[in-house]
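[1] With the sequence up front, the predicted model follows.
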Amino acid sequence: MSRPDPWRRDAGAYPFTADVQTRWADLDMLGHINNVAMAGLFEEGRGRFTSSLHMVRASRDVRWLIAGVSINYLAEGHHPAPVTIASGVGRIGARSWMVFSAAFQNEVCVATCDTATVYTDKTGPMPLPEDYVAKLSAFLIER
C-alpha cells in the first residue's frame, strides 16, 4: 500500500478530533497497538464524529451502513498514550460518503483510515437526503 498524501498526515486538515484512550489489551506481543485494536480506535473516533453530525434517521428501516474500511499503518502506536482520531468527510456521492480519518499519537500520524458509508433501507442504497448532504458538506476536508 502506498503512503498517503502528506495532507492526510496533518491533524489540522481534519475538522473533527476525538481523543481515545488506549488499553493494555490493545498491545500485541511486540508491545505496540495491534491492527484489530487500531481498527477499534478508528471506529470509536468515527462514531464520535458521526454522532456529532446529528443525522437523524427517517425511520427504523432507514440507516447507513459501513460498506468498506481501509487502514494504512504508518508507525507503531503504544500504550498508555491516548490516540487522537481526526476525521472529516472526504467525499460525498449520490448514495454514500467517505469518512477520512487519521490516528495521531504524540503528534505523529500512526495510521490513516478510509470508510465508505452507504445510506440504505431494506431494498438497498437510497439517495442521500438533502439535510444529510448539508451536514456532511459542513465537514468536508479541504485539501
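    Received the coordinates, thanks.
[2] where in the protein is pLDDT low?
    1, 58 (pLDDT under 70).
[3] What segments of it are strands?
    Secondary structure of the chain, counting by DSSP state E: strands at 16-20, 63-73, 83-92, 96-105, 108-121, 124-125.
[4] among these, which is nearest Glu44?
    Closest approach to Glu44 among those (C-beta to C-beta): strand 16-20, 4.9 Å. C-beta: built from backbone N, CA, C; applies to glycine.
[5] Would you convert the strands of the chain into CSV that also reports mean neighbour count?
    Formatted as CSV, the strands of the chain follow (neighbours: other C-beta atoms under 10 Å):
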stretch, mean neighbour count
strand 16-20, 17
strand 63-73, 14
strand 83-92, 21
strand 96-105, 23
strand 108-121, 20
strand 124-125, 12
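[6] Output those as TSV; include the columns distance to Gly31.
    Output for those, formatted as TSV (distance: least, C-beta to C-beta, whole Å):
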stretch	distance to Gly31
strand 16-20	19
strand 63-73	15
strand 83-92	16
strand 96-105	14
strand 108-121	14
strand 124-125	42
